[in-house]
Structures are given as C-alpha cells and as structure tokens.
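Undergrad: would you be able to build a 3D model of this:
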Amino acid sequence: MRCPFCSHPDSRVLDSRPAREGAEIRRRRECLACKRRFTSYEHVEEATLWVVKKDGRRERFDRTKILRGLMTACEKRPIAIDRLELLVDEVERGLRDAHASEVNTETIGEAVIASLQTLDEVAYVRFASVYRQFTDIEGFRRELERMLGAGVKTHDRIDQNGG
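TA: Here you go, the predicted structure:
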C-alpha cells in the first residue's frame, strides 16, 4: 500500500480489526520510509448490480438514490438517518441475494415500500404516493384502505366517532 504522505510503495500492518459490522477490515499501517502512520480499509468488491429502468435503459445501482427518496419521505418524522441507512443496506442485500446481475426498478421500489411500511406509516404513504404515482386523493384513499384492511398498525388513527 502506497504511503499517502511520501508515496513510498511499502508499509507494514500494525493492527487489523473488523469495521462496518464485519463488512470491512480496518488496518493501521506504518510507512517503511517516513515512519508515519495511516489507516486503510479493505472490503470485498461486489459484482456490479445493474438497474433496468422502465424505458429499458440500464444504469449502475446507486444506493444514494434510495436514501434520498427515503429522506424525503421521512422528512420531519422521528427516524434516525442511521435507521434509513440500515434499511437501504437491507434492501441492497436482498436484491443482491435474489438477483444475479440485473434488477428492475419495480422490484427495488416494492422492496423499499415493504421495509418502509413496517418502519413508519406516514413515511410509507409519502413514499408510496410518489412511487405509485397517485394522481388524486382517490389513490391515497385506496392505499389507506388497503393498509387498514391488511391489518397494518395505525398509531394515530382517529376512531369513527372522531375521538
């Protein structure tokens, strides 16, 4: 590993430990020339996951797009960003486990919606309204009725008497 300070090509490993829940190895190194210390991270290079868009185009899977959509849906909701990042990790892991090299946008959207529904109902409806392209209040009503009919938990639901 090349030293970031003097560019010498050799260093020695002083310490290694797992990072990111075992997904990486953190290595503390010392340059053999200048004796300065630095940290490197080693991780498995995963095969590229391709997303097939609705119009047939293909692009590399980009987890930041999912995270941005979740952050918008969860705006002003009591959900930590760490929890959203874990949700994206779970969705990505599920996609990689279930598909060889390509996945369509519908599969990704449904995986996100399924995870979000158990996390926060309001964020779920916000995300679903964009993903499922509700064009009017009727789309919202149908989705809420589907949620209620499926027995999805509703914390803030007002009973039929208005109380």
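
Undergrad: give the buried residues for the longest helix along the chain.
TA: Counting by DSSP state H, the longest helix found in the chain is helix 81-98. By neighbour count on 16 or more other C-beta atoms under 10 Å, the buried set for helix 81-98 is 84, 87-88, 91-92, 94-95. (Each C-beta comes from the backbone N, C-alpha and C, glycine too.)

Undergrad: count the residues that sit near F127.
TA: By the criterion of other C-beta atoms under 10 Å, F127 has 21 neighbours.

Undergrad: if we can go back for a sec, what is the longest helix of the chain packed up against?
TA: Using 3 or more C-beta pairs under 8 Å, 6 or more residues apart in numbering; DSSP states H and E, the elements in contact with helix 81-98 are helix 63-73, helix 105-119.

Undergrad: and the residue of the chain positioned farthest from its centre, what does it touch?
TA: What lies farthest from the middle of the chain is A33; by C-alpha atoms, centre = their mean that is 40.9 Å. Going by C-beta atoms under 8 Å, 6 or more residues apart in numbering, A33 touches 3, 6, 8, 10.
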